[in-house]
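1. Prediction below, plus the sequence it came from.
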Amino acid sequence: MTRLPRLCALLLLATLAACASVPDRAARPAPLTILVSIDGFRADYLDRGVTPHLSGLAAKGARGAMRPSFPSKTFPNHYTLVTGLRPDRHGIVDNNMEDPQIPGVTFRLSDKAAVADARWWNDGTPIWVSAERAGVKAATMFWPGSEAAIQGVRPSYWRAFDQALPATARVDQVLAWLDLPAGERPALITLYFDEVDTAGHWGGPDSDQVKAALAKTDAALARLSAGLAARGLAADLVIVADHGMASTGPQRAIYLEDILPDGSARTLAMGAFMNAYPTAGREAEAERALLRPHPRMQCWRKGEIPQRYHYGAHRRVPPIFCLPETGWEITTRAWVAKRPIAPGNHGFDPFAPEMRAVFIGSGPSFRRGARLSDFDNVDVYPLLARLIGVPPEPNDGDLDQLGRALAR
């Protein structure tokens, strides 16, 4: 054999060896990551002695408390958790909102057509879209936004939200997806529970209803862990909440008719905050009424909301936004006559202790016994991207805090 063919043969062997040692990413199974949201799970609920399985996961992994993004409502914060963007950037600025680019439509949680309309969601890129684009299969067992083809992409597997579906059935659907053949099995899964939030609203954060809902959800997660163990699957569990819960009641009411002249503005939301849209021609009248000092409430023009809230630039933010003291609600006597103020609510200042949300990280990627200082919930997204091995989209979070919880 001459020198040149021998050299070519050696180069070919080296190339083949390199290909064998570094397989194509699409051929490698991604580590299993399950993102779990327990809606309304206040950070200190974990210390109430009614969630033994969750407490065990926290003891074996990482635990912390998260500040929700502003406003501390369900849809804005769930979308922040999976995009790493604050509501003012991803566009889900409230559970109820309008958009000048989508005229004649009001986005509401109960409007299934609006919830499935990607135009409301396209300002952000959720982690399941990034995963699918990178060849990592995703499954969403309920999550705000997952019913829309965001930027033209859906998760490989998803279910339309059905509040009547029991927690155990939701877990069983996740386990059924994990029973698929290896090539079809999702590597990123979201799982959502809502009973703790519902109990917090109707019973208050210190109620027996909340204790029962906590125990029930804890049992569902124990079922998930048992199912993973039975299948021999190691998984990183990232367990979060969208917000906490504060005590409220009829004795802490701010009545709008005592402040705002009738017909001078309309609102899409009252309660833990209020958005206001002045009537054409009566803008100055509405501003005089709302922007003056109030004993238990402060209102701002859209562009003057304090910087710490990172809110006020998006086109969907209302012209005037009002925030009461934590535990106080903005309402009307006519509304209270139909529906009295419930014992619990959220949407208040995200810096209030009652609004802090739980965080637990458990699994092979997490360091045992890691205890985290309070952090902003935008930081969860870059953690998810790290865990599933996809490049993160531009976002408002970082791994300065949560990176310390990782074992590797």
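-> Structure's in. What do you need?

2. Pull the contacting residues for V153.
-> Residues in contact with V153, defined by Cβ atoms under 8 Å, 6 or more residues apart in numbering, are 129, 132-133. All C-beta atoms are positioned from the backbone trio N, CA, C, and that covers glycine.

3. what's the offset of stretch 251-271 from the middle of its chain?
-> 29 Å (Cα atoms, centre = their mean, to the nearest Å).

4. got it, and stretch 230-245?
-> Its chain's C-alpha centre lies 13 Å from the corresponding centre of stretch 230-245 when counted by Cα atoms, centre = their mean.

5. Next, the distance between the ends of it.
-> Its first and final residues considered, stretch 230-245 spans 35 Å by Cα to Cα, to the nearest Å.

6. quick one: what helix or strand has L221 in it?
-> Using DSSP states H and E, L221 falls within helix 208-230.

7. ok, now A284?
-> Element membership for A284 (DSSP H and E) is helix 283-291.

8. Counting by contacts, list what that helix packs against.
-> Helices and strands touching helix 283-291, as assessed by 3 or more Cβ pairs under 8 Å, 6 or more residues apart in numbering; DSSP states H and E, comprise strand 274-278, strand 297-301, strand 320-324.

9. how far off helix 283-291 does the second one point, in degrees?
-> Between the direction of strand 297-301 and that of helix 283-291, the angle (axes from the mean of the first three to the mean of the last three Cα atoms, to 10 degrees) works out to 140 degrees.

10. what does the last one give?
-> Angle between the axes of strand 320-324 and helix 283-291 is 20 degrees (criterion: the same axes, to 10 degrees).

11. which residues touch strand 320-324?
-> Strand 320-324 is contacted from outside by 254, 265, 272-278, 286-287, 290-291, 296-302, 305, 311-312, 330, 348-349, using Cβ under 8 Å, 6+ apart.

12. on that earlier part again, the contacts of V153 in helices, which ones?
-> Applying DSSP state H to those, the entries found in helices are 129, 132-133.

13. closest to N377 among these?
-> Closest approach between the ones in helices among the contacts of V153 and N377, by Cβ to Cβ: V129, at 19.0 Å.

14. Now the closest one: closest residue in space that isn't a chain neighbour?
-> V153 (4.5 Å; Cβ to Cβ, 6 or more residues apart in numbering).

15. Kindly state the beta-bridge partners for the one you found.
-> Counting by DSSP bridges, V153 forms beta bridges with I150.

16. could we number from 584 for the rest of this?
-> Understood, numbering begins at 584; the last thing we discussed is V736.

17. how far away is it from S729?
-> With the distance defined as Cβ to Cβ, to the nearest Å, V736 ends up 11 Å from S729.

18. Show me what the helix holding L804 is packed up against.
-> Looks like helix 791-813 contacts strand 615-621, helix 635-643, helix 750-761, strand 771-776, helix 778-786, strand 818-823 (3+ Cβ pairs under 8 Å, 6+ apart).

19. Contacts for that helix, please.
-> Outside of helix 791-813, the residues within contact range by Cβ under 8 Å, 6+ apart are 617, 619, 621, 624, 628, 631, 633-637, 640, 750-751, 753-755, 757-758, 761, 774, 776, 778-779, 781-783, 785-787, 817-818, 820, 822, 828.

20. again, only this time at 6 Å
-> Helix 791-813 has contacts (Cβ atoms under 6 Å, 6 or more residues apart in numbering) with 621, 628, 633-634, 636-637, 750-751, 754, 758, 776, 778-779, 782-783, 786, 818.

21. repeat for stretch 973-980
-> By Cβ under 6 Å, 6+ apart, stretch 973-980 touches 667-669, 708, 713-714, 717, 961-962, 964-965, 968.

22. Where does the prediction get shaky in this structure?
-> Scanning the chain for pLDDT under 70 picks out 584-613.

23. If we use 80, what do you get?
-> Applying pLDDT under 80 to the chain picks out residues 584-614, 991.

24. contacting residues for the residue most central in space within it?
-> With distances taken as Cα atoms, centre = their mean, the residue of the chain nearest its centroid is H661 (1.9 Å). Residues in contact with H661 (Cβ under 6 Å, 6+ apart) are 727, 825.

25. Look up how far Q834 lies from A935.
-> A935 sits 19 Å away from Q834, going by Cβ to Cβ.

26. Tell me which of those two has more neighbours.
-> Each of A935 and Q834 has its neighbours counted (other Cβ atoms under 10 Å); A935 has more, 17 against 8.

27. check which helix or strand covers the nearest residue to that one once chain neighbours are set aside.
-> Among residues not flanking A935 along the chain, T909 sits closest, at 4.2 Å (Cβ to Cβ, 6+ apart). In the assignment (DSSP H and E), T909 maps to no helix and no strand.
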